[in-house]
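Chemist: after the sequence you'll find the predicted model.
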Amino acid sequence: MRFSRLAFLLWLLLLAGAFPYALHAQSCTLPPAPSQGTIDSAFDDLMIQNGPGWTGADSSYSLALPDGDSLFLWSDSYIGTVNAQTRLRSSSLFQAHNSLTIWDPSTGSYTTVGYPPKTSSYFVPQNKNNWFWVGGLLLVQPSPGVYQVKVMLMEFTPQIKFAGNSVATLSYPSMSIISIVPVQSTSTSILWGSWLLQNGGYTYIYGLKDPGNNNKEPYVARASLAHLTNANLWQYWNVTSGTWKTGASNATQMSGVTATTGEYSVNLFNASTGPFYMLTGMDPQNPPYPLWSHVTTYYSCSPQGPWSKKTVVYTAPEAAAPGCKVGTLVTYNAKAHPEFTDSTGVLLSYNVNANNGSDLVCANDYIPRWVRIQIAGLTDSPALPRQQPSP
């Protein structure tokens, strides 16, 4: 069923935040819940890299590039070599807190940006004692025919205390760093940048508040792209009033998602019932750490929620499974990769890690896994479907 002209105009107004919160929940017809996920073995195989170069990481952000390649951004990363027969590394210690790789589907090549010779972090904060973990990224076009990549970075201290955000700008196609600009902000109570979404003239910045346990609470702000580095000019979603407000102290947790692990995604899709948003994450409450395993999706009619139709689309079999030597594995940080949507469904990823660091000498204990979900009536994604890895 398609929108009437009146319903369509109302939908646009609602996205702009012009109507009260109660109306947001009624602005679209949501599609059926997704199907249960199935393993995408082609993408799983793509992650089995023996080097030299990238051989494993977490975070798993991706972006479609203008030439048909795909850019992947990673946090804690292994850069070097892995024994192809045993899949063992020479050491369990990782080399970099972040890295970039590019996959060319036309040739199958998978390259590590900056390597050789670089095996350390691609992005480095001004305080060299700290490090950056990566967050959401966007492709922007500052002038006709010129492209750049914007990356939200999260800075942490050696005590793993959040120290603030920065925005990196990369040139295309070289991926060289043009700038890393700290985000102007007076507060670090919310870790911003789990995801970035461009829609309706705004960049939506998704974040998390850590209440001191594993149940991180999702938040959202929005800004023009020009104001991405000045959080004092952002607008923050306030559930109580159902409006966007200035000042980070007015931000409230999004409605409908009690908690998620440290990274999640929010994407706009189109279905036969109309456009809708899907939030993808890992449920940290059912079951609790260290048994996290439920890849979970939610739907909404607007990028700020309220979120509904909570569905466990996949149970990660690696959760609590034995590591290669002494410990067990943990799964976390599920998200969607809409640029790879095709007839087989929407591509999701989640990270696998070891609870005992010595197990990370085994490369298979620290690479992302990939699954597909089907959504009945899904017509397309805002991003073009991409070529898939060869089996």
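Modeler: Happy to help now that I have it.

Chemist: where does the chain have low pLDDT?
Modeler: In the predicted model of the chain, residues 1-26, 381-391 satisfy pLDDT under 70.

Chemist: ranges for the helices of it?
Modeler: 5-15, 21-24, 41-46 (DSSP state H).

Chemist: report the buried residues of the last one.
Modeler: Same thing as helix 41-46. Neighbour counts over helix 41-46 (16 or more other Cβ atoms under 10 Å) mark 43-44, 46 as buried. For every residue, glycine as well, the C-beta is placed using N, CA and C.

Chemist: again with stretch 148-160
Modeler: Those would be 148-156, for stretch 148-160 by 16+ other Cβ under 10 Å.

Chemist: count of residues packed around the closest residue to residue 29 other than its chain neighbours?
Modeler: Take residue 29 and drop its neighbours on the chain: the residue closest to it by Cβ to Cβ, 6 or more residues apart in numbering is residue 273, 4.2 Å away. Neighbours of residue 273 under the rule other Cβ atoms under 10 Å: 18.

Chemist: start the count at 154 instead of 1 going forward.
Modeler: Will do, 154 is the new start, and the previous item becomes residue 426.

Chemist: and residue 426, what does it touch?
Modeler: 154, 181-184, 530 (Cβ atoms under 8 Å, 6 or more residues apart in numbering).

Chemist: 6 Å instead, please
Modeler: Going by Cβ atoms under 6 Å, 6 or more residues apart in numbering, residue 426 touches 182, 184, 530.

Chemist: how near is residue 417 to residue 289?
Modeler: 10 Å (Cβ to Cβ, to the nearest Å).

Chemist: now swap in residue 381 and tell me
Modeler: 11 Å.

Chemist: how about residue 200?
Modeler: 21 Å.

Chemist: what of residue 499?
Modeler: Distance from residue 499 to residue 289, by Cβ to Cβ: 18 Å.

Chemist: how about residue 485?
Modeler: In terms of Cβ to Cβ, residue 485 sits 17 Å off from residue 289.

Chemist: repeat that for residue 411.
Modeler: For residue 411, the distance to residue 289 - Cβ to Cβ - is 22 Å.

Chemist: for those two, indicate the residue with more neighbours.
Modeler: residue 289 (25 against 15).

Chemist: who's the closest residue to that one other than its chain neighbours bridged to?
Modeler: Nearest non-adjacent residue to residue 289, counting by Cβ to Cβ, 6+ apart: residue 349, 3.3 Å away. Here residue 349 sits in beta bridges with residue 358, going by DSSP bridges.

Chemist: and residue 349, how many residues sit next to it?
Modeler: Using other Cβ under 10 Å: residue 349 sits among 23 other residues.

Chemist: what's it in contact with, if anything?
Modeler: 289, 291, 305, 356.

Chemist: same check on residue 205?
Modeler: residue 234.

Chemist: I'd guessed residue 446 sits against residue 467; true?
Modeler: No: contact criterion Cβ atoms under 6 Å: residue 446 and residue 467 do not qualify, at 8.6 Å.

Chemist: higher neighbour count, those two?
Modeler: residue 467 (26 against 22).

Chemist: beta partners of that one?
Modeler: residue 448.

Chemist: burial count for residue 295?
Modeler: 9.

Chemist: what sits against it?
Modeler: Residue 295 touches residue 301, counting by Cβ under 6 Å, 6+ apart.

Chemist: please report the distance of residue 515 from residue 243.
Modeler: For residue 515 relative to residue 243 (Cβ to Cβ), the value is 12 Å.

Chemist: likewise for residue 265?
Modeler: In terms of Cβ to Cβ, residue 265 sits 17 Å off from residue 243.

Chemist: which of the two has more residues huddled nearby?
Modeler: Ranked by neighbour count (other Cβ under 10 Å), residue 265 and residue 243 place residue 265 first, with 25 against 10.

Chemist: what about the closest residue to the more buried one other than its chain neighbours, neighbour count?
Modeler: In space, and not counting its chain neighbours, residue 265 is closest to residue 206: 3.7 Å by Cβ to Cβ, 6+ apart. Under the neighbour criterion other Cβ under 10 Å, residue 206 is assigned a count of 20.

Chemist: also residue 440?
Modeler: Neighbour number of residue 440 under other Cβ under 10 Å is 14.

Chemist: what residues does it make contact with?
Modeler: Taking Cβ under 6 Å, 6+ apart as the test, residue 440 contacts no residue whatsoever.

Chemist: how about a cut-off of 7 Å?
Modeler: Listed by Cβ atoms under 7 Å, 6 or more residues apart in numbering, the contact partners of residue 440 are residue 446.

Chemist: from residue 401, how far out is it?
Modeler: Residue 440 is 32 Å from residue 401, by Cβ to Cβ.

Chemist: related to what we said a few turns ago, need the residues touching each of residue 417 and residue 289.
Modeler: 347-348.

Chemist: I'd assumed residue 427 was in contact with residue 182.
Modeler: Yes: counting by Cβ atoms under 7 Å, residue 182 touches residue 427, with 5.8 Å between them.

Chemist: mind checking which of the two has more residues around it?
Modeler: More crowded of residue 182 and residue 427, by other Cβ under 10 Å: residue 427, with 20 against 15.

Chemist: quick one: the more buried one from residue 221, how far?
Modeler: For residue 427, the distance to residue 221 - Cβ to Cβ - is 29 Å.

Chemist: residue 276 too?
Modeler: Taken as Cβ to Cβ, the span from residue 276 to residue 221 is 25 Å.

Chemist: neighbour-wise, which of the two wins?
Modeler: Neighbour tally, residue 276 and residue 221, criterion other Cβ under 10 Å: the higher count belongs to residue 276, 22 against 12.

Chemist: relative to residue 226, how far out is that one?
Modeler: 9 Å.

Chemist: over to residue 437?
Modeler: 23 Å.

Chemist: of those two, who's got more company?
Modeler: residue 226 (28 against 22).

Chemist: the more buried one pairs with what?
Modeler: Counting by DSSP bridges, the residues bridging with residue 226 are residue 214, residue 253.

Chemist: touching, it and residue 211? I think so.
Modeler: No: Residue 226 lies out of contact with residue 211 (Cβ under 7 Å); the separation is 10.9 Å.

Chemist: all good on my end, thank you.
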